[in-house]
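1. Requesting a structural model of the entry that follows:
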Amino acid sequence: MTSLTIARTYQHFFDTHPNRTLALAGGVFNAFGDIVAQVSQNALSEDHKSRPGWDAIRTLRFFCFGFGISPLLGRWNVFLERKFPLCRRRSHKVSFKALSKRVAADQLIIGPISQLALFVGCMGAMERRSIAEIRERYTDLYATALLTNWKVWPVAQLINFRYMPLPYRIPFQSTCGVFWTLYLSLLNAK
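-> Next up, the predicted model:
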């Protein structure tokens with residue numbers, strides 16, 4: 001019953017305030033992903049005496065990134081929905097070709113540009129790094145993160161675009177994103 005109530009509440013807020021709903025959901029999931037990453041880092045730390053504890057500012061940065069990017073991703077999903085419709089008007093058969101185009105567009109455009117480039121840049125800016133330091137982070141992290149992105153996200157997005165209704169795509173991505181945030185957070189902390 002509780003999950004049904006949450007789903008109805010989410011749907012109501014999405015219908016009345018889609019950008020705010022996506023922003024809040026994205027921020028919360030990103031923050032949760034960072035908390036999981038920090039707990040994991042502390043648990044895996046070999047030096048049990050020098051565990052840093054929870055860094056609330058770092059979690060806030062992840063919240064802010066998720067809060068900012070999620071409405072943009074929501075608009076991207078609307079664009080993909082219109083550009084590559086999965087079903088023809090009178091047919092309920094899903095076009096694998098259109099589904100493949102959605103995933104390809106997502107991975108070749110949004111993945112490299114907004115997800116990874118914006119992530120490295122935004123995190124660098126929020127961490128008050130200099131332009132030179134941010135460039136160095138791009139050099140260090142971008143290729144590794146992008147290749148990992150292409151190993152993980154196509155399958156997740158295939159499921160997302162095929163089975164999730166439009167209002168639930170960002171929450172689905174954000175749920176998968178908890179693990180992705182764990183990866184990015186661990187990579188960013190190096």
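2. For the chain, give the helix that spans the most residues.
-> As assigned by DSSP state H, the longest helix anywhere in the chain is helix 131-163.
3. Mean pLDDT per element in the protein, and the minimum belongs to which helix or strand?
-> Within the chain, no helix or strand scores below helix 169-188, which has a mean of 80 by mean pLDDT, DSSP states H and E.
4. What pLDDT is listed against Gly26?
-> At Gly26, the pLDDT value in this model is 92.
5. What is the burial count for it?
-> Applying the criterion other C-beta atoms under 10 Å, we find 26 residues in the vicinity of Gly26. Every residue, glycine included, has its C-beta placed from N, CA and C.
6. What residues does it make contact with?
-> Contact partners of Gly26, counting by C-beta atoms under 8 Å, 6 or more residues apart in numbering, are 66-67, 69-71, 73, 170, 174.
7. Could I get these in CSV, plus columns for distance to Leu60, neighbour count and secondary structure?
-> What follows is the contacts of Gly26, written out as CSV (distance: C-beta to C-beta, whole Å; neighbours: other C-beta atoms under 10 Å; DSSP: H, G, I helix; E, B strand; the rest coil):
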residue, distance to Leu60, neighbour count, secondary structure
Gly66, 11, 27, helix
Phe67, 10, 19, helix
Ile69, 15, 24, helix
Ser70, 16, 26, helix
Pro71, 18, 17, helix
Leu73, 20, 21, helix
Ile170, 20, 28, helix
Ser174, 17, 23, helix
